[in-house]
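Q: I would like the atomic coordinates for the input below:
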Amino acid sequence: MSVILGIDPGSRITGFGVIRMSGKRMEYIASGCVRVKEGLLADRLNQIFDCISQVVQEYKPDEAAIEQVFMAKNADSALKLGQARGAAIVAMTQHALVVAEYSARQIKQSVVGTGAADKSQVQHMVTSLLELSASPQADAADGLAVAICHGHSLQSTLSQIGVNKIVRGRLR
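A: All right, here's what the predicted structure looks like:
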């Protein structure tokens, strides 16, 4: 059984999702958004770092994953996104988490079945897979999708090596 933290980084809104994987079964734990206040970029990055650190301290994940940077509308946007991503990664690694990285296409493929899915399709499938009563906000759903993708990847790796599950850190 693993608790997985997924992060959808953004310079204005960073989505996060926390799930528990037990074999092939997924259970929703929490999700939300880090909405940074206007101000200097350094202050916004510090807010992301602090908030993700708090999430890690509260939910104590065993695994962490984050979406890779894609080429945004312009180079300035891509740089800011990369810096926000870096702040989130450092927050997780400061708590001894190894951080897996997945492309947007890999995440969508894992959750929806097509790498070309749009945000509403991701929201719908996250709601369905986790049996939620309502759709989470789009960025929170993206954070959950990252966690689900990582859970599927872990499950696939375990199956390939002939392990059914991990119980208290031991392969079975």
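
Q: can I get the CA coordinates of the helix or strand harbouring residue 120 in PDB?
A: Residue 120 is part of helix 119-129, with elements assigned from DSSP states H and E. Coordinates of the C-alpha atoms in helix 119-129 are reproduced here as PDB (Å, rounded to 0.1, in the frame of the first residue of the first chain):
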ATOM      1  CA  LYS A 119      -9.000  18.900 -19.300                       C
ATOM      2  CA  SER A 120     -12.700  18.000 -19.000                       C
ATOM      3  CA  GLN A 121     -12.000  14.400 -20.000                       C
ATOM      4  CA  VAL A 122      -9.200  14.200 -17.400                       C
ATOM      5  CA  GLN A 123     -11.600  15.600 -14.800                       C
ATOM      6  CA  HIS A 124     -14.300  13.100 -15.700                       C
ATOM      7  CA  MET A 125     -12.000  10.100 -15.600                       C
ATOM      8  CA  VAL A 126     -10.400  11.100 -12.300                       C
ATOM      9  CA  THR A 127     -13.900  11.500 -10.800                       C
ATOM     10  CA  SER A 128     -14.800   8.100 -12.100                       C
ATOM     11  CA  LEU A 129     -11.600   6.200 -11.300                       C
END
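
Q: Show me which residues of that helix are buried.
A: For helix 119-129, burial by neighbour count (16 or more other CB atoms under 10 Å) applies to 122, 123, 124, 125, 126, 127, 129. Every residue, glycine included, has its C-beta placed from N, CA and C.

Q: How about stretch 9-25?
A: In terms of neighbour count (16+ other CB under 10 Å), stretch 9-25 has its buried residues at 9, 10, 11, 13, 14, 15, 16, 17, 18, 19, 20, 21.

Q: Grab the nearest non-local neighbour of the fifth one.
A: In this case it means residue 14. Take residue 14 and drop its neighbours on the chain: the residue closest to it by CB to CB, 6 or more residues apart in numbering is residue 34, 4.2 Å away.

Q: Kindly report the same for the first one.
A: Closest residue to residue 9 in three dimensions, ignoring its sequence neighbours and counting by CB to CB, 6+ apart: residue 85, at 4.0 Å.

Q: which ones are touching the one you found?
A: Residues in contact with residue 85 (CB atoms under 8 Å, 6 or more residues apart in numbering) are 9, 66, 67, 69.

Q: Next step: the residues you listed restricted to strands.
A: With strands taken from DSSP state E, the overlap with these comprises 66, 67.

Q: from the contacts of residue 85, which two are the most distant?
A: Of all pairs drawn from the contacts of residue 85, the greatest distance, 9.6 Å, lies between 66 and 69 (CB to CB).

Q: what is in contact with these two at once?
A: Contact criterion CB under 8 Å, 6+ apart; residues shared by residue 66 and residue 69: 9, 85.
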